[in-house]
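Participant: Sequence first, predicted coordinates after that:
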Amino acid sequence: MFGWLRKISDKIKDLNICVDNYKKETENQVIPSVAYVNRAKKHIDAMRYEDAKKILNEALEISQKDALVYKYLGVCEERLGNYSASIDAYRKSAALNPQDKNIWHKLGLVQITVKDYLNAEKSFIEANRISPINTDIQTGWGMSLLKQQKIAEAHEKFVNAIQINRYNFAAMLLAAISEVKLGKYDDAENKLNFLVNANPNESCMFEFANLYFLKENYEAAIRYAKKSIEYNPNMLPAYILLGKVYSMQFDYTNSVKYFTVAENRELINTILYLEWGNALIRLYRFAEAQKMYQKVLSEDTENSDAQAGMALCAAEINDFEKANTYIEYADAKNIGNVFLLEAKGILAFTQNKTDEAIKYFKQALEKEPKNTYNYYRLAKCYQSLENDAMIRDSYDKILKYNPECVAAYIDYSKYLISKQENKDAQRKLRKAEKLEPDNQEILNLLFYTSYILVKERVCEYNVKEAIAIADKITDFKYPELRSELEGLLKGIKNKE
């Protein structure tokens, strides 16, 4: 009765022995691996990466010599952000199946993600050996070279990628970025023009904005940076570029606005605060800039650019001990930051080493011609040397490049008053008044120059105009002069 059960039992035992022998004797478990991988791929497609990993690890219990299992395990680890584990899995897969170009390609991309650019380059070389006419491999290879600052070599790979597939928009964008770095602005502009029409997104809009910034077309740079943000409101580089451009246009309100929006969106890192500090320096807001550099240094105490910025800010607000400390920090790293030259120039000037200060400020202008506020500093130096021609030249230059520099208008007008050039001083002060209508120093100086000019040419209109200026001043410095003008006005009316 039970004989047939025993026979079935014996057959099952024989089958189990056969399976065990199969496991021992078969190096590559192709059939069971494919089944496991197919199950895992369904989870990967559904973004259930932990479930896929579990299945793939079960496959590895059968055999640890299956390239396909390691390949998809690498995919899972990559999607989960476990990049070291992903690289390890891809390497094992490539060792087992070195002719799979896709494994080398995936490995290279993850190596770029972890900034292992040299090994990424090697991975793409292997991929290219297997498949020399592949647009994606050429693109990845170019990326690994670009990250190593091998710009010309990277550009060659991106061009190759475009030649293989002219609709490889990523390669075209990267080629344009390379051309910008190589100074091939016209070639870059042609590619970006195509991209913003064929495949508009935040990246090509930003790169177009950056190109226009480098070409000093600031209005176009602003327009495309704003478009970049429209596509992606979290595009931090676009916010930074806008803050930078507006600072170069001496637009404090808009510059701070875009840095603040980025901060409010929690797009916060040291680069944001570093560029914010740099922008505030351009706007001559040193106390505010210092706060930004402090935020950088709270995260990165050895940030040499922030240290150079702190040195300049400290020098400008007369904290010379702190300025010297930060100069020593930054100088030790030999970074050549222009702010160090400016800080050293300020310190030299305060120590009555005026010729040395002039040398530093001129070097700063040679290094960065856009830091035009150095002309203001040079004007102060030449005033101490009583070099009339260079005083005027320096003030004229700062007001040419920065027509909204109120401090320069004030100091230039004071100099002109000292030279009894009151009419010219008055013109400068009226421009300054338009910028800061309630500035008490400007209004007092404007009243004084008007008073002097009235005395030179007395007429009712001029007297009334000078008195009207005095009426706007809350902190009035010349009450006796006003009384004199009121007396003149009374005398004019009595004559009538």
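Facilitator: Now that the structure is in, tell me what you want to look at.

Participant: Show me the helices in the stretch 201-350 of the chain, by range?
Facilitator: 202-214, 218-231, 236-248, 252-264, 270-282, 286-299, 304-316, 320-332, 338-350 (DSSP state H, counting those that start in this stretch).

Participant: buried residues in the first one?
Facilitator: The reference is to helix 202-214. Glu202, Ser203, Cys204, Met205, Phe206, Glu207, Phe208, Ala209, Asn210, Leu211, Tyr212, Phe213 (16 or more other Cβ atoms under 10 Å). C-beta coordinates here come from the backbone N, C-alpha and C atoms, glycine included.

Participant: again, but for stretch 332-339
Facilitator: Counting neighbours by 16+ other Cβ under 10 Å, one finds that the buried residues in stretch 332-339 are Asn337, Val338, Phe339.

Participant: from the chain's centre, how far out does it sit?
Facilitator: On the basis of Cα atoms, centre = their mean, to the nearest Å, stretch 332-339 sits 19 Å off its chain's mean C-alpha point.

Participant: count of residues packed around Gly277?
Facilitator: 28 (other Cβ atoms under 10 Å).

Participant: Let me see the contact set for it.
Facilitator: Counting by Cβ atoms under 8 Å, 6 or more residues apart in numbering, Gly277 makes contact with Ala289, Gln290, Met292, Tyr293, Val296, Ala306, Gly309, Cys313.

Participant: Tell me how many other residues crowd the first one.
Facilitator: In other words, Ala289. Neighbour tally, Ala289, other Cβ under 10 Å: 24.

Participant: Now that we're looking at it, what pLDDT does it have?
Facilitator: For Ala289, the pLDDT comes out at 97.

Participant: Excluding sequence neighbours, find me the nearest residue to it.
Facilitator: The shortest distance from Ala289 to any non-neighbouring residue, by Cβ to Cβ, 6 or more residues apart in numbering, is to Leu280 (3.7 Å).

Participant: thinking again about what came up before, would you format the buried residues of helix 202-214 as JSON lines with distance to Lys477 and pLDDT included?
Facilitator: Converted to JSON lines, the buried residues of helix 202-214 look like this (distance: Cβ to Cβ, whole Å; pLDDT from 0 to 100):
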{"residue": "Glu202", "distance to Lys477": "54", "pLDDT": "97"}
{"residue": "Ser203", "distance to Lys477": "57", "pLDDT": "96"}
{"residue": "Cys204", "distance to Lys477": "57", "pLDDT": "97"}
{"residue": "Met205", "distance to Lys477": "53", "pLDDT": "98"}
{"residue": "Phe206", "distance to Lys477": "51", "pLDDT": "98"}
{"residue": "Glu207", "distance to Lys477": "54", "pLDDT": "97"}
{"residue": "Phe208", "distance to Lys477": "52", "pLDDT": "97"}
{"residue": "Ala209", "distance to Lys477": "48", "pLDDT": "98"}
{"residue": "Asn210", "distance to Lys477": "49", "pLDDT": "97"}
{"residue": "Leu211", "distance to Lys477": "51", "pLDDT": "98"}
{"residue": "Tyr212", "distance to Lys477": "47", "pLDDT": "97"}
{"residue": "Phe213", "distance to Lys477": "44", "pLDDT": "97"}
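
Participant: What is the nearest of the residues you listed to Glu153?
Facilitator: Glu153 has its nearest neighbour among the buried residues of helix 202-214 in Glu207, at 20.0 Å by Cβ to Cβ.

Participant: residues in contact with the residue lying closest to Asp300 once chain neighbours are set aside?
Facilitator: The shortest distance from Asp300 to any non-neighbouring residue, by Cβ to Cβ, 6+ apart, is to Thr270 (5.3 Å). The neighbours of Thr270, taking Cβ under 8 Å, 6+ apart as the test, are Lys295, Val296, Glu299, Asp300, Asn303, Ala306.

Participant: Highest mean neighbour count out of the helices of the stretch 201-350 of the chain?
Facilitator: helix 304-316 (a mean of 26; mean count of other Cβ atoms under 10 Å).

Participant: quick one: average pLDDT of that one?
Facilitator: 95.

Participant: residues in contact with the residue nearest to Ala289?
Facilitator: Taking Cβ under 8 Å, 6+ apart, we find Leu280 in contact with Ser247, Phe286, Glu288, Ala289, Met292.

Participant: Find the pair from these with maximum spatial separation.
Facilitator: Largest pairwise distance in those, by Cβ to Cβ, is 13.4 Å, between Ser247 and Phe286.

Participant: would you turn the contacts of Thr270 into CSV with distance to Arg91?
Facilitator: CSV is the format used below for the contacts of Thr270 (distance: Cβ to Cβ, whole Å):
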residue, distance to Arg91
Lys295, 40
Val296, 37
Glu299, 33
Asp300, 32
Asn303, 35
Ala306, 38
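
Participant: Relative to Asn439, which of these is nearest.
Facilitator: Distances from Asn439 to the contacts of Thr270, taken by Cβ to Cβ, are shortest for Lys295, at 30.2 Å.

Participant: From Tyr293, how far off is the nearest residue to the closest one once chain neighbours are set aside?
Facilitator: Nearest non-adjacent residue to Lys295, counting by Cβ to Cβ, 6+ apart: Tyr273, 4.3 Å away. Separation of Tyr273 from Tyr293 (Cβ to Cβ, to the nearest Å) stands at 7 Å.
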